[in-house]
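>>> everything below, folded, please.
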Amino acid sequence: MKAKIIYRILNMRYLIVIGLLFSLNVNGQTLEEYLLIASKNNPEIKAAYTEFEVAMQKSPQVKSLPDPTLTMSAFGRMVETRVGAQEARFSIMQMFPWFGTFAAKENVANLLAEAAFQNYVDTKNEVLLNVKKMYAEIYELQQMIVLEEQNLQILDTYRILSLSKFQNGNGAMVDVVRIDIKRNESSTNIDLLKEQYKPLQIGFNSMLNVELNEPINSLDSLPLNNESMQEYTNDLFDSNPKIVILAKKEQAFEAQKLIEKKEGLPMIGIGLDYSIISKRDVPDLEMNGQDAIMPMLTVTLPIFRKKYKAAQKEVELMIKGTEFEKEALQNKLRTTYSITLFNVQKAKKLNQLYLKQIEATQQAIKLLLASYSNSGSNFEEVLMMNQDLLMLKTAVITANKNQFTAQAQLEYLLSKDN
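Alright, predicted model coming up:
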């Protein structure tokens, strides 16, 4: 009894600790955790996986025999035979397709199930790509709010400085007015950016299929990959699920050609006919009243060949169409990859440029502030340079977002693990 009480106390402590850890982590998910939540919760991914499960149920169906037929006949007026009157007749028949038909159909069903699984993989990758894009949009918005708030604080400092210069007779009141205009503009931008956050939050949580008002963790940075990207090769997209889907369909259509040939061959039926015979009132009649059992063999005669030839032609056209579709997809992937690769390089170079310009602009602002403190002039240039600095910092954030989004697009095209 004492041991049970101790166990319950320890178990409660364990649950409390786990609860505290969970509560600390609810609003602190990383990108990987968000992607994991989307993988498990997103209804589009669930629907695609359900379609795969549906496709998996085709194989047991296509390799099953058709249902046997049972025929029962009762004679209103008995048919007399030599050994007695025929009272009732039962016939059962089981049809069998030509040899190898089941194996061919199962092969097609399995290939289409593999294509359905690749569709699930592609759907999952696409959803996770959209999660990454929205994640980057939220990062950009949050960082812009931070920059505007920092800019507002800087403007407040400038206002104190310019007001002090005016009161000492070394500055103009117009400088204070200029700062107030910029402060109002910055304050309005902050309000607009915060209002923009709500639809992004709803869109992001919708993809995760969680509560729409679920808070999103503050994003300080994006995981950028600065390694050199892979150049295009002919086999670059072999693992892309969209390409694999078409490859599996093409294999299924090739296997379907064998089915169409098998369908054009006879089906064989094996059955049994059983007749109930009543006894005749005849003494010493051999086999008197003995029931009749008759094995039966049925063979279909597929003599109308047009439909079989048309079915084979249909499959050949489907194969050709899939080849064209695959070629068009390869071209599309190649073009998208080339453009996306350029966007990655562009974002990297712009980021480097903006960082250099930020450093130079900050140095120029220091020099202008020193000049203003001494002579009370060039304050308008200080405000202009400060605005340039804000725009450059914003451009860095946008370049980071663009690089991250383009890299996510490359990973999607190359079907890397998300």
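>>> flag the shaky bits of this structure, pLDDT-wise.
1-28, 75-85, 228-232, 280-289, 376, 416-418 (pLDDT under 70).
>>> same thing but 50
Low-confidence segments of the chain (pLDDT under 50): 1-28, 417-418.
>>> run through the neighbouring helices and strands of the longest helix anywhere in the chain.
Determined from DSSP state H, the single longest helix within the chain is helix 306-375. Helix 306-375 sits against helix 101-167, helix 241-263, helix 379-413, with contacts defined as 3 or more CB pairs under 8 Å, 6 or more residues apart in numbering; DSSP states H and E. Yep, even glycine has a C-beta here, placed from its N, CA and C like the rest.
>>> figure out which of these is closest to residue 327.
helix 241-263 (9.6 Å; CB to CB).
>>> now the element after the closest one, going C-ward?
strand 268-277 (DSSP states H and E).
>>> distance from the following helix or strand past that next one to the middle of the chain?
Toward the C-terminal end, the helix or strand that comes next after strand 268-277 (DSSP H and E) is strand 292-299. The chain centroid and the centroid of strand 292-299 are separated by 56 Å under CA atoms, centre = their mean, to the nearest Å.
>>> and residue 259, how many neighbours?
22 (other CB atoms under 10 Å).
>>> any idea how far it lies from residue 399?
Distance of residue 259 to residue 399, computed by CB to CB, to the nearest Å: 55 Å.
>>> tell me the angle the longest helix of the chain makes with helix 101-167.
10 degrees (axes from the mean of the first three to the mean of the last three CA atoms, to 10 degrees).
>>> now helix 306-375 against helix 379-413, angle please.
Using the same axes, to 10 degrees: helix 306-375 against helix 379-413 is 160 degrees.
>>> now do helix 306-375 and helix 241-263, the angle between them.
Using the same axes, to 10 degrees: helix 306-375 against helix 241-263 is 180 degrees.
>>> which one of the helices and strands packed on helix 306-375 lies nearest to residue 30?
The nearest among these, by CB to CB, is helix 101-167 at 10.2 Å.
>>> distance between the helix or strand following the closest one and the chain's centre?
Using DSSP H and E, the helix or strand that follows helix 101-167 in sequence is helix 173-208. Between the centre of helix 173-208 and the centre of its chain there are 33 Å (CA atoms, centre = their mean).
>>> check which helices and strands helix 173-208 sits against.
Against helix 173-208 (3+ CB pairs under 8 Å, 6+ apart) you get helix 31-41, helix 101-167, helix 379-413.
>>> adding mean neighbour count, write those out as TSV.
Formatted as TSV, the helices and strands packed on helix 173-208 follow (neighbours: other CB atoms under 10 Å):
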stretch	mean neighbour count
helix 31-41	16
helix 101-167	19
helix 379-413	19
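>>> output the ones you listed in JSON lines; the columns should cover distance to residue 335.
Shown next, in JSON lines, are the helices and strands packed on helix 173-208 (distance: least, CB to CB, whole Å):
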{"stretch": "helix 31-41", "distance to residue 335": "27"}
{"stretch": "helix 101-167", "distance to residue 335": "17"}
{"stretch": "helix 379-413", "distance to residue 335": "11"}
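>>> of all the ones you listed, which one is nearest residue 88?
helix 101-167 (34.8 Å).
>>> helices or strands up against the closest one?
Partner elements for helix 101-167 (3+ CB pairs under 8 Å, 6+ apart): helix 31-41, helix 43-56, helix 58-62, helix 173-208, helix 241-263, helix 306-375, helix 379-413.
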